[in-house]
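Undergrad: sequence below, structure please.
(2 chains)
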Amino acid sequence: AQRVTQPEKLLSVFKGAPVELKCNYSYSGSPELFWYVQYSRQRLQLLLRHISRESIKGFTADLNKGETSFHLKKPFAQEEDSAMYYCALGYNFNKFYFGSGTKLNVKP
Amino acid sequence: DAGITQSPRHKVTETGTPVTLRCHQTENHRYMYWYRQDPGHGLRLIHYSYGVKDTDKGEVSDGYSVSRSKTEDFLLTLESATSSQTSVYFCAISESRVSSGANVLTFGAGSRLTVL
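TA: Next up, the predicted model:
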């Protein structure tokens, strides 16, 4: 069965520090991995997806099939990065499974 | 923007009463979803639809029913609301992104339901 694990419920860092939000998945097929973000009082929105290998707002994520991980990284956190982050697994084109989320708090 | 609107945005109701949440989209997407968001649980799929009158259960479907009589509307009904259904409910659609071929979810603004 598919599963997504985000081990940290809360991650607090200081502005300018590096950030890594962890995501591990379990899926027997070929996964599609995503990161979604929810800023305060806003709707969930797509941050990035592994297939496009892009950097959005300074964030990157690399799919590591050997470790079944898709960690989200940013070298220098900004206060505006404070938000709830969800890792998601897409499968069969239109099915999606979400992790429990990590709240990132960037302190000034 | 997939033009997704949810209504009502906020609702307070009493245990045992029926509640219907509506999701409306303007771009004719085939797949629509209802998720609930709870602290510590993240987003959990309640039901989804893959076309008019075509729906299927998600991981937390007990106590919920859905209907899709038109492409643009996907209704979520709590037949007899319970306090455990107090949550924020999100509707979403799945759309393909031509540049990558991978479908992605686009979410509505959410409906906050409180069951007293």
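Undergrad: which bits of chain A sit near chain B?
TA: For chain A, the residues found near chain B under the criterion C-beta under 8 Å from any C-beta of the partner chain are A:6, A:9, A:32, A:34, A:36, A:43-46, A:49, A:51-52, A:86, A:88, A:90, A:93-101. (Each C-beta comes from the backbone N, C-alpha and C, glycine too.)
Undergrad: could you rerun that using 10 Å?
TA: Neighbours of chain B within chain A, by C-beta under 10 Å from any C-beta of the partner chain: A:4, A:6, A:9, A:32-34, A:36, A:38, A:41-46, A:49-54, A:84, A:86-88, A:90, A:92-103.
Undergrad: buried subset of those, written for ChimeraX?
TA: Selecting only the buried entries of the residues of chain A next to chain B in ChimeraX, with 16 or more other C-beta atoms under 10 Å in any protein chain shown as the criterion:
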select /A:4,6,32,33,34,36,38,43,44,46,49,50,51,84,86,87,88,90,94,95,96,97,98,99,100,101,102,103
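Undergrad: filter the residues of chain A next to chain B down to just the ones in strands.
TA: Among these, DSSP state E puts A:4, A:32-34, A:36, A:38, A:45-46, A:49, A:84, A:86-88, A:90, A:95-98, A:102-103 in strands.
Undergrad: next one: residue A:35 from chain B, what distance?
TA: 11 Å (C-beta to the nearest C-beta, to the nearest Å).
Undergrad: what number of residues lie near that residue?
TA: Residue A:35: 23 surrounding residues under other C-beta atoms under 10 Å in any protein chain shown.
Undergrad: now it, which residues is it bridged with?
TA: Beta-bridge partners for residue A:35, by DSSP bridges, are residue A:48, residue A:87.
Undergrad: so what's the residue count around residue A:1?
TA: Neighbour count of residue A:1, defined by other C-beta under 10 Å: 6.
Undergrad: so who does the closest residue to it other than its chain neighbours touch?
TA: Using C-beta to C-beta, 6 or more residues apart in numbering or on different chains and skipping residues adjacent in sequence, the residue nearest residue A:1 is residue A:26, 7.4 Å away. By C-beta atoms under 10 Å, 6 or more residues apart in numbering or on different chains, the contact set of residue A:26 is A:1-5, A:68, A:89, A:97.
Undergrad: now stretch B:14-32, how far from the centre of its chain.
TA: In terms of C-alpha atoms, centre = their mean, to the nearest Å, the centre of stretch B:14-32 is found 5 Å from the chain centre.
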